[in-house]
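> Pasted the sequence and its predicted model underneath.
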Amino acid sequence: MSGSLLTPNLVGLCRSLTEILLGIVKAIFDALSLPGVGSWFVSPGVVVFFTYLIATLVMVMWAALVNLLSVMWVERKLYSRIQDRRGIMLGVPWPWSKKYKRGMTNLGWGFLQNIADGVKLLQKENITPASADKLLFHAAPAIIVSSTIMVFAVLPFSENFYYTKVALGVLFVLAALSLGPFAIILAGYSSNNKYTLIGGLRAAAMMLSYEIPLILCVVAVVLLSGTLDPFQMVAVQERPLMGTIVPSWNVFSPPQMLGFVIFFIALVAELERIPFDIPEADAELVEGWTTEYGGMRFGFLFGFKWLRAFAGAGLLVILYLGGWNGPVFATVSVLGYPIPILPQEFWFLLKTYLVVMVIIWISWSIPRVRADQVLKIGWNRLIPLALLTILGAAVFKTMGWF
């Protein structure tokens with residue numbers, strides 16, 4: 001299996017960087033004849049504080065900037081291709097290109113369009129409705145943003161690329177993702193608008209009907225793997241399946257094939273993607289629970305829906321698709337360390353983005369279902385099938401077939 005690109009881990013690298021930077025600061029104060037101040041900067045407590053401060057900044061920038069902008073770009077380009085058009089094109093061409101022009105141009109790949117849209121939203125005024133419950137109205141976007149960032153505190157990208165290890169990491173991710181629908185209800189209620197209220201109530205109904213089968217599918221996976229630790233879940237999926245060359249990814253296990261489909265459908269519903277976007281259904285509710293939000297608050301609500309999709313896809317990869325497991329084709333030596341050309345981080349991101357692309361493909365290919373159909377699918381179909389998945393997992397575990 002492939003190895004991690006980071007050695008020893010994210011926090012360890014940040015600690016090494018912190019010690020170097022604080023060592024420079026200490027040398028500066030020693031040169032200024034202030035050795036006491038310099039010694040304070042290299043004390044253990046200060047080093048630990050700055051280590052986790054830098055690690056937090058790195059993880060937030062990696063999740064909320066790099067991957068958020070990348071997922072936005074992938075969706076806008078992919079659904080444009082589905083609709084037989086080129087999509088966003090704003091970019092800066094290479095200086096040696098024959099089509100080079102000074103400044104931005106419409107000849108690029110379009111990645112800078114997301115940054116331009118963010119700058120545009122930053123310049124717009126944030127308007128609060130006069131009749132809104134201002135405390136809840138302002139709190140809802142903050143809850144959505146913070147709960148999404150919390151996911152990446154325990155969601156590992158490889159054996160070493162993680163912020164912290166939590167024994168109940170999968171449960172923590174589910175708990176953090178489940179805070180989003182509550183914030184949606186708060187946003188719909190606090191806006192004092194009938195469209196937002198209907199959107200919030202729809203979100204509550206859909207949350208109740210789809211989080212149950214989603215959690216039941218996780219119970220089936222936990223029953224087979226015997227843990228809620230994402231690292232151990234991935235380790236269990238490394239061994240061969242029943243003595244074959246096929247890896248024992250949960251998606252290849254007969255009882256979990258059905259669980260994978262159910263989890264994927266429930267995940268699409270939790271993310272409010274078509275065909276389950278009835279909480280915002282722009283054709284019926286203007287923009288649903290986001291109607292009264294403008295400026296960057298709308299940007300946070302809209303942008304972090306993409307980031308939640310990325311987090312949900314990452315959780316699905318850990319549960320069913322072997323996490324960061326992948327083959328090693330070759331390694332190179334860098335300063336005496338063997339570095340895999342295709343490391344674990346590459347395989348995890350590849351699988352995650354493929355899942356995100358499938359979600360986008362479905363969302364732009366099929367029509368929206370009615371509200372009553374959404375509830376019937378969740379209560380009458382997915383919950384019984386999820387219970388059947390648990391039963392199948394118990395049988396396989398008892399018989400020792402997995």
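Done, it's in. Numbering: from 1, shown residues only.

> For the closest residue to Leu179 other than its chain neighbours, give its distance to Ser158.
Closest residue to Leu179 in three dimensions, ignoring its sequence neighbours and counting by CB to CB, 6 or more residues apart in numbering: Ser147, at 3.8 Å. C-beta here means a position set from N, CA and C on the backbone, and glycine is covered the same way. With distances taken as CB to CB, to the nearest Å, Ser147 is found 24 Å from Ser158.

> neighbour-wise, which of those two wins?
Set side by side, Ser147 and Ser158 show unequal neighbour counts under other CB atoms under 10 Å, the larger going to Ser158 at 24 against 20.

> Following element in sequence after the strand or helix carrying the residue nearest to Leu179, please.
Element membership for Ser147, per DSSP states H and E: helix 134-154. Past helix 134-154, further along toward the C-terminus, the next helix or strand under DSSP H and E is helix 169-190.

> what angle sits between that next one and helix 134-154?
Compare the direction of helix 169-190 with that of helix 134-154 by axes from the mean of the first three to the mean of the last three CA atoms, to 10 degrees and you get 160 degrees.

> Mind giving me the packing neighbours of helix 169-190?
Taking 3 or more CB pairs under 8 Å, 6 or more residues apart in numbering; DSSP states H and E as contact, the helices and strands that helix 169-190 lies on are helix 134-154, helix 194-225, helix 230-236, helix 254-270, helix 295-320.

> List the buried residues of it.
When burial is assessed from 16 or more other CB atoms under 10 Å, helix 169-190 yields the following buried residues: 169-174, 176-177, 179-190.

> got any ranges where the chain has weak pLDDT?
Along the chain, the parts satisfying pLDDT under 70 run over 1-3, 91-108, 240-246, 282-285, 327-341, 400-402.

> Can you give me the domain boundaries for it?
For the chain, whose domains are defined here by automatic domain parsing, the residue ranges read 88-120, 124-399.

> Mind checking those for the one nearest to Cys14?
Counting by CB to CB, Cys14 lies closest to domain 124-399 out of the domains of the chain; the figure is 9.8 Å.

> now the end-to-end length of that closest one.
Distances were taken as CA to CA, to the nearest Å; on that basis the terminal residues of domain 124-399 are 61 Å apart.

> distance between it and the chain's centre?
On the basis of CA atoms, centre = their mean, to the nearest Å, the separation between the geometric centre of domain 124-399 and that of its chain is 7 Å.

> In this structure Arg368 contacts Pro279, no?
No: using CB atoms under 8 Å, Arg368 and Pro279 do not qualify as a contacting pair, with a distance of 11.2 Å.

> quick one, which of these two is more surrounded?
Counting neighbours by other CB under 10 Å for Arg368 and for Pro279 shows that Pro279 has the greater number, 27 against 17.

> how about the more buried one, secondary structure?
Look at Pro279: counting by DSSP: H, G, I helix; E, B strand; the rest coil, its state is coil.

> Quick check: it touching Leu197?
No: counting by CB under 8 Å, Pro279 stays clear of Leu197, with 11.1 Å between them.

> picking up where we left off before, would you indicate which residues of the helix holding Ser147 are buried?
Buried residues in helix 134-154, counted by 16+ other CB under 10 Å: 136-137, 140-141, 143-145, 147-154.
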